[in-house]
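Student: Any chance you could fold what I've pasted below:
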Amino acid sequence: MFDAAVAACHPSRVVAPALPARPTGRVIVVGAGKAAAAMAAAVEDAWGPPLSGLVVTRYGHGAATRFIEVVEAGHPYPDAAGEEAAARLLACVRGLRAEDFVLVLLSGGGSALTGLPLAPVTLSEKQAIAKGLIRSSASIGEINCVRKHLSAIKGGRLAAAAHPARLLTLAISDVAGDDPSVIASGPTVGDSTTQADARAVLAKYSVGVPESVAAVLRDPTHESVRPGDARLALSEYRIVARGADALAAAADEAHRSGFETQVIGVAIEGDARAVAHAHAEIALSAAPTRPLLLLSGGELTLTVSGQGRGGRNREYLLGMARALNGARGIFALAADTDGIDGSDDVAGAWIGPDTLSRAAALGLDPAAFSAANDSGGFFSALGQEVVTGPTRTNVNDFRAILVMPGV
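Tutor: Numbers count the residues shown, from 1 in each chain. Predicted structure coming up:
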């Protein structure tokens, strides 16, 4: 079911149907995100030459292209390769004419992959701020609010640079609610958040900033591009895949297997452990007469205080295993559709009724692993990780709880 969810949102399926008839004249393709290279390959297959342009994706998430250059950069923290790539993306769209056409390909991860700060902010300063926010319980919307106000390309600035060319954005959404201004920090749409909002996010999570950052965030000339800006008049936006599509594909697969399905949330946000306990209560209270699959998506958050490894999906499952306490007939899988839960190369994990007893037999203390934020170490020791490799799409988290009656 997880495989079906991922396949339904792969660029090879969703990009071509969203493309218009090939524009006449010059076509420039740019993009950023974990799915950007696969999206570029799909455009090439659909339109053919002549095409030119550049997309940036995470290390290891590249795809073979013939005309559109693919570069790889750091994620979840921006690096020098991403900084250079963002500058090149801007250069690709500057100086265009009204008869030119720009196709922008966006997907989750695009924010970190285009780390070009507004001067005088430095890359190392942006890296420190990103780390502080990611390790807090900040939502992706809050993180991207700050990113937009420190970036030379986000918050509508890419579209503004491309004016007066026509521009179409195709996006694979990895954010709850599918807000275009949050996906990859909205480089081609107007931004309704303000510098004051960004300052409030930093204060809320006690993320200190140097004077260079503070100066940018109080200088009105550095404000992001506002909705309704004339430079955005020829910019169109289409979302080609989202979390709801993934859950629908999983539900179809479940129905073919004879399971009942219930979607308990498409865009769930909140603390991973708190959501795990809530979902455990739902599973424990269910009394199905045939196998029941409880599906949910969205993006959870973590407050990281330990030095372990893992991500929100494995933290969720560790919390759920503890809450279920070996309850019979309940199984669960949680994984990120991009193949990366956190920052390592594991998509997620799974649990069953014997997870805690198996852990006890190996001398593993779930509470200790939880306190150390080491859900990755816990599931690795049990051999219960889900490893997919790069999927080259990204519609956020997939969570499935299977309740088996009479087991």
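Student: for residue 97, what are its contacts?
Tutor: Under the criterion of Cβ atoms under 8 Å, 6 or more residues apart in numbering, the contact list for residue 97 reads 164-165. Every C-beta, even on glycine, is put in place using the N, C-alpha and C of the backbone.
Student: Now do the same for it: helix, strand or coil?
Tutor: Classification of residue 97 using DSSP: H, G, I helix; E, B strand; the rest coil returns coil.
Student: That one and residue 187: what is the separation?
Tutor: 21 Å (Cβ to Cβ, to the nearest Å).
Student: just residue 145 next, same as before
Tutor: From residue 145 to residue 187 the distance is 14 Å (Cβ to Cβ).
Student: Of the two, which one has the most company?
Tutor: For residue 145 versus residue 187, neighbours defined as other Cβ atoms under 10 Å are more numerous around residue 187 (34 against 28).
Student: can you tell me which residues contact that one?
Tutor: By Cβ under 8 Å, 6+ apart, the neighbours of residue 187 are 32, 104, 106, 110, 114, 153-159.
Student: Kindly report the same for residue 370.
Tutor: The contact partners of residue 370, by Cβ under 8 Å, 6+ apart, come to 273, 315, 318-319, 322.
Student: at 6 Å what do you get?
Tutor: Counting by Cβ atoms under 6 Å, 6 or more residues apart in numbering, residue 370 touches residue 318.
Student: Surely it forms part of a helix?
Tutor: Yes - assessed by three-state DSSP, residue 370 belongs to a helix.
Student: So for it, what's the pLDDT?
Tutor: Looking at residue 370, its pLDDT stands at 95.
Student: Tell me the spacing between it and residue 88.
Tutor: Residue 370 sits at a distance of 43 Å from residue 88 (criterion: Cβ to Cβ).
Student: Looking at the contacts of residue 187, which are in strands?
Tutor: 32, 104, 106 (DSSP state E).
Student: List the contacts of residue 149.
Tutor: Contacts of residue 149 by Cβ under 6 Å, 6+ apart are 195, 198.
Student: same thing with residue 304?
Tutor: 135, 373.
Student: Quick check: end-to-end length of stretch 52-66?
Tutor: End-to-end span of stretch 52-66 (Cα to Cα, to the nearest Å): 9 Å.
Student: Now tell me what touches it from outside.
Tutor: Against stretch 52-66 from outside (Cβ under 6 Å, 6+ apart): 28-32, 34, 36-38, 40-41, 44, 68-73, 75, 85, 88, 92, 109, 113, 390, 392.
Student: Any of those residues buried? List them.
Tutor: Among these, those buried by neighbour count (16 or more other Cβ atoms under 10 Å) are 28-32, 34, 36-38, 40-41, 44, 68-73, 75, 85, 92, 109, 113, 390, 392.
Student: Which one of the ones in strands among the contacts of residue 187 is nearest to residue 236?
Tutor: Residue 236 has its nearest neighbour among the ones in strands among the contacts of residue 187 in residue 104, at 10.0 Å by Cβ to Cβ.
Student: Tell me, how many residues neighbour the closest one?
Tutor: Neighbours of residue 104 under the rule other Cβ under 10 Å: 30.
Student: Just confirm it contacts residue 188, I think it does.
Tutor: Yes - assessed by Cβ atoms under 6 Å, residue 104 is found in contact with residue 188 at 5.3 Å.
Student: In contact with the residue nearest to residue 100 when sequence neighbours are not counted, which residues?
Tutor: With sequence-adjacent residues excluded and distances taken as Cβ to Cβ, 6 or more residues apart in numbering, residue 100 is closest to residue 165, at 4.1 Å. Neighbouring residues of residue 165 by Cβ under 6 Å, 6+ apart: 96, 100, 102.
Student: and if you look at residue 147?
Tutor: So residue 147 contacts 111, 154, 185 (Cβ under 6 Å, 6+ apart).
Student: Tell me which residues touch the closest residue to the first one other than its chain neighbours, please.
Tutor: Nearest non-adjacent residue to residue 111, counting by Cβ to Cβ, 6+ apart: residue 185, 4.3 Å away. Under the criterion of Cβ under 6 Å, 6+ apart, the contact list for residue 185 reads 111, 144, 147-148, 154.
Student: Thanks a lot, catch you later.
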